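Enquirer: no sequence for this one, just the structure:
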């Protein structure tokens with residue numbers, strides 16, 4: 001997921017301001033399905049090893065990711081050249097992975113210094129309120145920013161609950177995904193559209209009703225589910241005790257550093273200082289300065305945040321370490337997959353691409369919604385958005401007007417269906433890792449998909465029928 005935020009706190013997801021395609025030397029038209037096997041192997045490793053060999057996975061997940069990454073790069077070296085593999089790797093590192101992980105690191109570190117104190121009890125009303133606030137923040141400060149700010153208060157509020165997995169599953173649905181649908185600040189695909197010429201408030205107008213439907217239904221369903229579970233656990237509604245401290249948010253310099261992250265991304269997207277060529281990759285100088293600024297922000301947060309604030313949050317580096325290792329493998333193994341998708345009708349995925357066109361070449365908007373969303377569930381949703389944006393014509397002015405339903409279908413599929421798996425959107429796996437490290441018995445890869453399949457897919461079917469069918 002490339003994170004981009006161009007506007008108020010939006011910057012939060014500018015995982016990279018450039019398309020996530022492999023180097024041009026890797027022609028997707030010459031690749032077949034076996035080239036996707038390392039990516040499939042990487043996904044299956046994430047899904048299976050934690051269930052069947054958790055100790056091995058905890059100690060060796062980085063080596064497993066490196067194995068699949070090597071299996072993706074070696075065939076490029078053998079069948080193309082070392083130069084082609086190097087260009088693809090450097091392109092992926094500079095344009096995707098490094099901005100992605102540095103932004104997450106900055107948000108993770110800064111959010112870890114912000115503490116919510118006071119009477120937070122994980123009742124259904126409190127939980128639903130926290131989820132609603134997080135979903136609202138997501139379109140302002142991005143899904144990554146909202147998730148990192150809200151996840152720790154939610155963990156503390158529910159640390160005495162026997163059954164609390166559903167709280168964090170719905171948190172991923174709402175805060176890490178659906179809430180970011182209304183501005184380019186909210187989710188990387190929309191920011192990419194903004195960079196391609198889609199006006200800033202276009203998503204607000206055209207995705208408002210689908211977003212309100214999804215968020216409203218999910219919040220209502222969560223409240224009913226959590227109320228039933230809460231009562232079965234023997235909890236009774238109670239008022240705060242008289243000596244309970246008032247709800248208070250503290251964080252000192254970290255509030256300023258959040259603004260600094262936002263400003264950094266906004267400047268990097270609006271200022272042109274030229275570019276440098278690094279092993280075939282044209283890297284904007286502002287991107288290099290942005291990444292350096294993220295590191296400075298991390299250092300400032302660590303230097304000026306009182307140690308007791310991080311202690312209250314039970315802050316440690318394990319979640320970001322895990323995300324860094326696994327997404328390194330994902331970003332590398334996805335190189336040939338994206339190259340094949342980029343070719344459209346000229347590649348191995350042509351039958352899939354053909355599904356988005358009707359008999360007379362007219363767009364099949366419902367297919368755009370489901371196929372963009374389906375691929376965004378397992379691939380980085382930002383480059384997937386770009387693939388179908390280009391397939392739909394790539395002309396922002398035309399897509400915003402006569403092609404508005406098509407663009408809305410592509411946008412909604414990429415944003416909403418990133419919630420279908422842990423790897424569909426950047427903050428999903430971060431939330432999973434942080435909740436699990438806090439003692440929450442989060443479902444595994446396939447277990448989570450049972451939740452999303454049972455809850456989200458019927459809801460997406462309704463959204464598709466109401467807004468994109470016909």
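Expert: Great, that's in hand. The structure displayed is predicted, hence computed values, not measured ones. Numbering: from 1, shown residues only.
Enquirer: C-alpha only now, for contacts and for neighbours.
Expert: Fine.
Enquirer: so in the chain, which helix runs the longest?
Expert: Secondary structure of the chain per DSSP state H: the longest helix is helix 124-157.
Enquirer: residues of that helix that come out buried?
Expert: Buried residues in helix 124-157, defined by neighbour count with 16 or more other CA atoms under 10 Å: 124, 126-128, 130-157.
Enquirer: and the next element down the chain from it?
Expert: Moving toward the C-terminus from helix 124-157, the next helix or strand (DSSP states H and E) is helix 165-174.
Enquirer: list the buried ones in that following helix?
Expert: Applying 16+ other CA under 10 Å to helix 165-174 flags 165, 166, 167, 168, 169, 170, 171, 172, 173, 174 as buried.
Enquirer: now stretch 457-466
Expert: With burial defined by 16+ other CA under 10 Å, the residues of stretch 457-466 counted as buried are 459, 460, 462, 463, 464.
Enquirer: all strands for this protein, in order.
Expert: 115-117, 248-250, 275-278, 281-284 (DSSP state E).
Enquirer: let me have those strands in a markdown table, adding distance to residue 199 as columns.
Expert: What follows is the strands of the chain, written out as a markdown table (distance: least, CA to CA, whole Å):
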| stretch | distance to residue 199 |
| --- | --- |
| strand 115-117 | 36 |
| strand 248-250 | 35 |
| strand 275-278 | 26 |
| strand 281-284 | 23 |
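Enquirer: out of those strands, which is closest to residue 385?
Expert: For these, proximity to residue 385 was assessed by CA to CA; strand 281-284 is nearest, at 21.7 Å.
Enquirer: how far is stretch 205-213 from where the chain is centred?
Expert: Centroid separation between stretch 205-213 and its chain, computed with CA atoms, centre = their mean, to the nearest Å, is 19 Å.
Enquirer: how about residues contacting that stretch?
Expert: For stretch 205-213, the surrounding residues in contact (CA atoms under 8 Å, 6 or more residues apart in numbering) are 178, 179, 181, 182, 404, 408, 412, 463, 467.
Enquirer: mean confidence score for that stretch?
Expert: Stretch 205-213 shows a mean pLDDT of 96 in the predicted model.
Enquirer: where does the protein have low pLDDT?
Expert: Within the chain, the ranges that satisfy pLDDT under 70 run 1-25, 118-119, 195, 235-247, 380, 383.
Enquirer: let's see which of the buried residues of stretch 457-466 end up in helices.
Expert: Under the assignment DSSP H, the buried residues of stretch 457-466 contribute 459, 460, 462, 463, 464 to helices.
Enquirer: distance to residue 438 added to those, as a markdown table?
Expert: Listed next are those as a markdown table, based on distance: CA to CA, whole Å:
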| residue | distance to residue 438 |
| --- | --- |
| 459 | 30 |
| 460 | 31 |
| 462 | 35 |
| 463 | 34 |
| 464 | 36 |
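Enquirer: what is the nearest of these to residue 337?
Expert: residue 460 (25.4 Å).
Enquirer: that closest one and residue 167, how far apart?
Expert: To residue 167, residue 460 is 20 Å away according to CA to CA, to the nearest Å.
Enquirer: wait, residue 374 touches residue 417, no?
Expert: Yes. Judged on CA atoms under 8 Å, residue 374 makes contact with residue 417 at a distance of 6.8 Å.
Enquirer: tell me how many other residues crowd residue 32.
Expert: The tally of other residues near residue 32 (other CA atoms under 10 Å) stands at 14.
Enquirer: got the phi/psi numbers for it?
Expert: Per-residue torsions, residue 32: phi -110, psi 180 (degrees, to the nearest 10).
Enquirer: tell me the contacts of the residue nearest to it when sequence neighbours are not counted?
Expert: Once flanking residues are discounted, residue 32 sits nearest to residue 348: 6.1 Å by CA to CA, 6 or more residues apart in numbering. Residues in contact with residue 348 (CA under 8 Å, 6+ apart) are 29, 31, 32, 33, 340.
Enquirer: what does residue 116 give?
Expert: Contacts of residue 116 by CA under 8 Å, 6+ apart are 153, 247, 248, 249, 250.
Enquirer: are any of these buried, and if so which?
Expert: Here, 16+ other CA under 10 Å leaves residue 153 buried among these.
Enquirer: now the helices for the stretch 351-470 of the chain?
Expert: Ranges of helices in the stretch 351-470 of the chain, per DSSP state H, counting those that start in this stretch, are 365-376, 381-391, 396-400, 404-416, 426-437, 445-467.
Enquirer: distance to residue 322 added to these, as CSV?
Expert: Below are the helices of the stretch 351-470 of the chain laid out as CSV (distance: least, CA to CA, whole Å):
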stretch, distance to residue 322
helix 365-376, 21
helix 381-391, 20
helix 396-400, 37
helix 404-416, 24
helix 426-437, 8
helix 445-467, 15
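Enquirer: closest one to residue 89 among the ones you listed?
Expert: helix 381-391 (16.3 Å).
Enquirer: what does that closest one rub up against?
Expert: With CA under 8 Å, 6+ apart as the test, helix 381-391 has contacts from 1-2, 19-21, 188-189, 192-193, 338, 341-342, 344, 368, 372, 375-376, 407, 410-411, 414-415, 418, 424-425.
Enquirer: repeat that for stretch 449-459.
Expert: With CA under 8 Å, 6+ apart, stretch 449-459 has contacts from 169, 214, 419, 420, 421.
Enquirer: where's residue 418 relative to residue 375, distance?
Expert: 9 Å.
Enquirer: between the two, who's got more neighbours?
Expert: Each of residue 418 and residue 375 had its neighbours counted (other CA under 10 Å), and the higher figure belongs to residue 418 (32 against 18).
Enquirer: in contact with the more buried one, which residues?
Expert: Per CA under 8 Å, 6+ apart, neighbours of residue 418: 177, 373, 376, 377, 378, 381, 424, 425.
Enquirer: and the gap between it and residue 441?
Expert: 22 Å.
Enquirer: tell me the buried residues in stretch 344-353?
Expert: For stretch 344-353, by 16+ other CA under 10 Å, it's 344, 345, 347, 348, 349, 353.
Enquirer: try stretch 43-52
Expert: Buried residues in stretch 43-52, counted by 16+ other CA under 10 Å: 43, 45, 46, 47, 49, 50.
Enquirer: from the chain's centroid, how far away is that stretch?
Expert: Relative to its parent chain, stretch 43-52 has a centroid offset of 20 Å by CA atoms, centre = their mean.
Enquirer: could you count how many residues lie near the nearest residue to residue 340 once chain neighbours are set aside?
Expert: Closest residue to residue 340 apart from its sequence neighbours, by CA to CA, 6+ apart: residue 28 at 4.0 Å. Neighbours of residue 28 under the rule other CA under 10 Å: 24.
Enquirer: and residue 26, by the same measure?
Expert: 21.
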